[in-house]
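Peer 1: compute the structure for the input listed below.
(chains A and B)
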Amino acid sequence: MSPEHLVAKVFGLHPSDVTDATSNQNTPEWDSLGHVTLIMEVEGHFGVSFSTEEVLVLTSVEVLKRALAERGITW
Amino acid sequence: MTETTNGVTKAFDRLGFHHVGLACTDLDAEERVFAALGYVREGPDFEDPAQGVRGRFLVGAGPRLELLSELPTGTVLGPWLRKGVKMYHVAYEAADLAAADIAVTGLGAKRVVAPVPAVAFGGRCIAFYMMPNGFLLELIEAPAVPAWSSAADLLATAARRAIEEPRRLLSALAVLDPDACFRSIAAGALTGLSREAVTSILATALSQIRPDMTAEELDTAAVALNAHADAVPRDELAQAIATLPSERVQMCLGTVLHAQLERQPTHPGLLRAAAALAIGAGETDRAHTLLTRLGLADPTPATAAFVSTTRGRLPASAGLQTRVALLSSYTVAQLTPFVDLMCRSLGLVPEIYVAPFNSWAREMVDERAGLRGFSPHVTFLSVAVDDLIPGLVGSLTPKELTAAGEEALGRVVAAVQQFRTWSREPLVVHGFHSAFQDPAGVRAGREHLSRSQWLGELNAQLAERLRALPSCFMLDMADLLSRVDSGADAAKMRHLAAIRLPAGVLPEVARAYARYIAPRMGLTRKCVVVDLDNTLWGGIIGEDGPHGIRLGHSAPGSEYVEFQQFLATLPQRGIILAVNSKNNFDDAIQVIQHHEAMVLRDDAFSALRINWLPKPENMVSIAEELGIGVESFVFVDDNPKERQLMRHALPQILTVEMPRDPALYRATLEALPELQTLEVTGEDRSRVGQYRAKREREQMRMNMASLEEYLHSLGVRVAIAPCSEANLSRVAQLFQRTNQFNVTTRRHDAPLLAQRMTDPGWRLYTLRAGDRFSDHGLVAIAIARLDVSAWTIESFLMSCRVISYGIETALLAVIAEDALAHGATRLCGEFVPTKKNQPARDLYERHGLVMRETIDGVQQWERSLAPVSISFPAWITRDPNVA
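Peer 2: Below you'll find the predicted structure:
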C-alpha cells in the first residue's frame, strides 16, 4: 500500500483524491488526533519509527513520502 | 552509415542481445552447475573449426549462455582460461552487420575476428571486437525478418508455448491487456491450472484494473473472478475495488465482493469495500453492521477512527441507546472510537460523552457540569497517577511517596463519593499505573517499598474504598497492560497525543468497558448451552468410546478440563448450564457421570438434550422446560455448521464464534460481555437449584412420539443366536463384567456355560447389535430354563452401551416366541436386586411380568404368553449379518 493509500484509508478519502499536495492544511479530517493515527499507521505499515520531532513536521503527503524515501522505503 | 542521433549510432538501432560467452575446459562439468540452477540445453552441440571451438547453448532463468571449450587446434580461449576469466564475451545480433562493423571500429574497437560464416548460426556471419574498454564484443548477423510464409510457424510456436506454459503467457497478457486476459479466463483459459497459478494470474490482472474500464469490461472480469472464486486474491481484489467508482463496483463487481466476503468474513479490505458499497446504495443498517465488522477485524486506531468518522456521516442505526461517559486526567480521544465500536458489537447504539480535558473532578462534583445533564448509564474514570503526582517522573523520598499516594487516593475517592450522591449508575475506576520505573533501578525494594509495591498497595486501598460504595468497580489496569506489547508507542502516545495508554491497549480497554456496559444494559444471558463432543471433551464419544476421548490432566485433554472448570463457576454469577448434543444419551451420560476427569456432572446442568434432533429444536424445548426465552441463551459448539444453523434458525441466541484451538475456549467465554453481571442476588444463586428440580419434573413429559421416531432413525439391527463355542469366551467375559443391566448377577464361568450349551433343559441366547453408524458386537445374553409349561429367565444381561434402544425387548420377544413354539404358555423371570443393577430393575415390569413371590432373596416374576405375547420392536430389524 502506498503512502497515498494509507492517507486515504486513515481519513476515509478516495485514493485518487490524495496527492502530494494533500496536507493537514487542506484536509479537515487531518487534525491533531488524525495525525497521530496516520503516523502510527504509516510506522506500522512500513516498519519504521519516527521521532517525536519528525512526527510534528510530517504534515503533508509530499513530506511524508520524502521521509520514507530517506529511510530507503519504496512502495 | 555512422550518423548519430543523440549520440546513438543508428547502426545499433536494432541490436538485440543474444548470449554471454563462457570460456570452459569441460562442457559437461560446466553444464552440470548450470543445470542445477535450472538451465537446459537449447540445441545440440556445435563445432566451429574456423574458431577452433566446441560450443553448447544453455537457456534458463537468466540470459542465454554459450559454453565454449577449445578444440585441439584452437587457440582463442587459452588466454582467458589462463587469466581465470570465465565470462569473456557478450554477443548481440545486428540487423546490418556490415554497418555495425563500421560503426564499432569507428568507436575505436579492434576487430579481433572479421565477419565470417559461423556453424553455430546456420552459416550466418559473426565477428569479434575488442572494445577500447577491454570488453570483448561479438556481433551476429540477425536472421532475416520472417516472410509471410513462415507466420504459420510463429503462430504454431506461440500456441505450443501457450499449452506448455499458459501461466507465463497469461501473466504477460494480464499486463498488456487486462481486459483480454479476463476475457480468456472467463472463457476457461485457466481450467486445470493449480490454484496458486490461478491466484497469481488473477493478482496480476486485478492490479491492472483501471478506473476508466467500461462496465462491459468489468462484467467480463466478474465472470472470470466468479469462475475461480476459490483462488481470487482478496488483497488485490480489495485494492482494485477501492480504485473504482462505487456505482461501477455495485453494478459489476458486487457479486464477486459478496462471494469473497462470505469465504473470508473478516478480511478488512473486503469489509471496507462492502461498507462503501452499502453506503453508496443507501443501505444504512447494512453499512453500520459492516463497519462494526471492519473495526473488529482490524482493531487499529486508523481503522477505528475511519469506522467512527464514516458512521458519523450515516443516518443513525436502530438499536438500544446507551450513554457512556469518559472522564479522564488525560486525552481519551483515541479511545472513543474503540468504545463506540465495542458498544456496536453488542448491538447497542452508544452516545459517548467525553468530559473536557482534565476536568474529571469538577464534572463529578459540580451540578452544572455536562456530566450530570448527560445522565450516563455507565461512567468510566481514568485518572493517571503520573498526572496526580507529577513528582513520579523523578525521585521521591519514601515519606513523600506515601504522602502523595494518600493525597491522590483521597482526591479520587472524594470525587467518587460526590458522584454517588447524585447517581446510582455504575462507575468504573481505572486502577493506578505509572509510566516510570523505580529510580533505584535494580535496587528497587532493597531499602523501602519499590514503586511497583507502592502502586500495588495504593490499588488495594483504592479497591477497598470503592468496595464500600454501591456499584463502584475497579478496572485492573496492570492486568490489561500486561496483556499487550506496549513497546515504544507508550512514550510516543504520551508526548504526541497526551494519552497515558499505549495504542495497543486501547482496544483491550474498550473491550473491558463493554464488559460493564453489557450487564448495565440488560444484555446478560441467563443460560449457557453447550455441546459435548469436542466442546466439553476432545473426540467423539460414539467413535472414540469413553476411554478414547481426550479429557484429563495432561494435554490433549487438559484444555477441556480447564474450560469445564470455568463453566462450573458461572452459577456464581447466576448463570445456568444446559447440554444440547447429538449423541446416544447413554454413551454421553456415562461419560458425564463416570469419567474421572469430568468436572461438570449431571447435576451441573439444568437441562439435558442428548439426542439426534436438530439442535434449534432442542433449544426451543430447553427454553420451554426452563421457562425462559431463547434470547437468554448462549450457544457453545465447536462445529461451525451447527453454529451456522443455529444463527440462521434462532438469531436471538448468542452463538459464540469458537476458536479452533480448545486451549482458547476458556478465554473466549471469559471475554464475553454477555456473561458479566454487576450485581449477584441470592435469588440468582438459588436459580440453579430451582431449574434443576424443574428439569426432573419436565423430563417425565418427554415426547414419546419423537422418541420412537428417533429410535427408527437409528436403524438398529440385531442377530439373535444360540451361544456357541466360537463366542463362549466373550459370553463368559460379559458374565464376569456386567453389573448394571443384569437381572441376577450370577457369575457363570465358561465350563458351566459349556455344559448348559449342550443340556436340552437350558437354552443360551446371545445377541449382537448394530445401528446404521456401527456394529456393537455381542452385547446381550439370556439363559432360559425350559420347563414344559413355562420358560424361566435365569440370567439376562446387557451391555450399558446399548441401553434404551429396545434391544432387551427384542431378545425377550424372541425367547417368548420360542417358548410358545415349544408348547410353553408362561414366561417367568428371576430377579436379584443389587446396589448396581438399578437399570435392569423394571425389565420384567415393562414387559408385562408380575412379581409373584420372593424365594431366598430371588424375586419370581411371571406372565402368560397367550393370547398376547411380547411383541418385537417395530424399529429393530433382524439381521444375521451383524458383526
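Peer 1: now do stretch B:469-486, average pLDDT.
Peer 2: Mean pLDDT, stretch B:469-486: 87.
Peer 1: please name the nearest non-neighbouring residue to the residue in chain A that chain B sits nearest to.
Peer 2: Here chain A gets closest to chain B at one residue, residue A:41, 4.0 Å apart by C-beta to the nearest C-beta. Yep, even glycine has a C-beta here, placed from its N, CA and C like the rest. With C-beta to C-beta, 6 or more residues apart in numbering or on different chains as the criterion, residue A:41 has its nearest non-adjacent residue at 4.0 Å, and that residue is residue B:302.
Peer 1: how about residue B:453?
Peer 2: Spatially, and ignoring its direct neighbours in sequence, residue B:453 is nearest to residue B:445 (6.3 Å; C-beta to C-beta, 6+ apart).
Peer 1: that neighbour: what secondary structure?
Peer 2: coil (DSSP: H, G, I helix; E, B strand; the rest coil).
Peer 1: ok so, going back, isn't the residue nearest to residue A:41 up against residue A:9?
Peer 2: Yes. With contact defined as C-beta atoms under 8 Å, residue B:302 reaches residue A:9; the gap is 6.3 Å.
Peer 1: so what sits against both of these two?
Peer 2: Between them, residue B:302 and residue A:9 share these contacting residues under C-beta atoms under 8 Å, 6 or more residues apart in numbering or on different chains: residue A:41.
Peer 1: burial check on residue 58, number of neighbours?
Peer 2: I'll assume chain A. When counting by other C-beta atoms under 10 Å in any protein chain shown, one arrives at 21 neighbours for residue A:58.
Peer 1: oops, wrong one, chain B.
Peer 2: 23.
Peer 1: mind listing the helices for chain A?
Peer 2: Ranges of helices in chain A, per DSSP state H, are A:3-11, A:32-46, A:52-57, A:61-70.
Peer 1: identify whichever of these lies nearest to residue B:738.
Peer 2: Closest to residue B:738 of those, according to C-beta to C-beta: helix A:32-46, at 65.7 Å.
Peer 1: give me the helices and strands touching that closest one, please.
Peer 2: On a contact count with 3 or more C-beta pairs under 8 Å, 6 or more residues apart in numbering or on different chains; DSSP states H and E, helix A:32-46 meets helix A:3-11, helix A:52-57, helix A:61-70, helix B:301-312, helix B:489-497.
Peer 1: which other residues reach that helix?
Peer 2: Against helix A:32-46 from outside (C-beta under 8 Å, 6+ apart): A:1, A:3, A:6-7, A:9-11, A:24, A:30, A:48-50, A:55, A:58-59, A:64, A:68, A:71, A:73, A:75, B:300-302, B:305, B:333-334, B:489, B:492-493, B:496-497, B:503.
Peer 1: between it and helix A:3-11, how big is the angle?
Peer 2: 130 degrees (axes from the mean of the first three to the mean of the last three C-alpha atoms, to 10 degrees).
Peer 1: buried sites along helix A:32-46?
Peer 2: Within helix A:32-46, the residues that count as buried by 16 or more other C-beta atoms under 10 Å in any protein chain shown are A:33-46.
Peer 1: that one: how far from the chain's middle?
Peer 2: Distance of helix A:32-46 from the chain centroid (C-alpha atoms, centre = their mean, to the nearest Å) equals 7 Å.
Peer 1: ok, stretch B:500-519 next?
Peer 2: Counting by C-alpha atoms, centre = their mean, stretch B:500-519 is centred 24 Å from the centre of its parent chain.
Peer 1: may I see the buried residues of that stretch?
Peer 2: For stretch B:500-519, a neighbour-count test (16+ other C-beta under 10 Å) marks B:500-519 as buried.
Peer 1: picking that back up, residue B:291 is nearest to which of the helices of chain A?
Peer 2: Nearest to residue B:291 among those is helix A:3-11 (13.7 Å), distances taken as C-beta to C-beta.
Peer 1: can you name every helix or strand that the closest one contacts?
Peer 2: Helix A:3-11 packs on helix A:32-46, helix A:61-70, helix B:234-243, helix B:301-312, going by 3+ C-beta pairs under 8 Å, 6+ apart.
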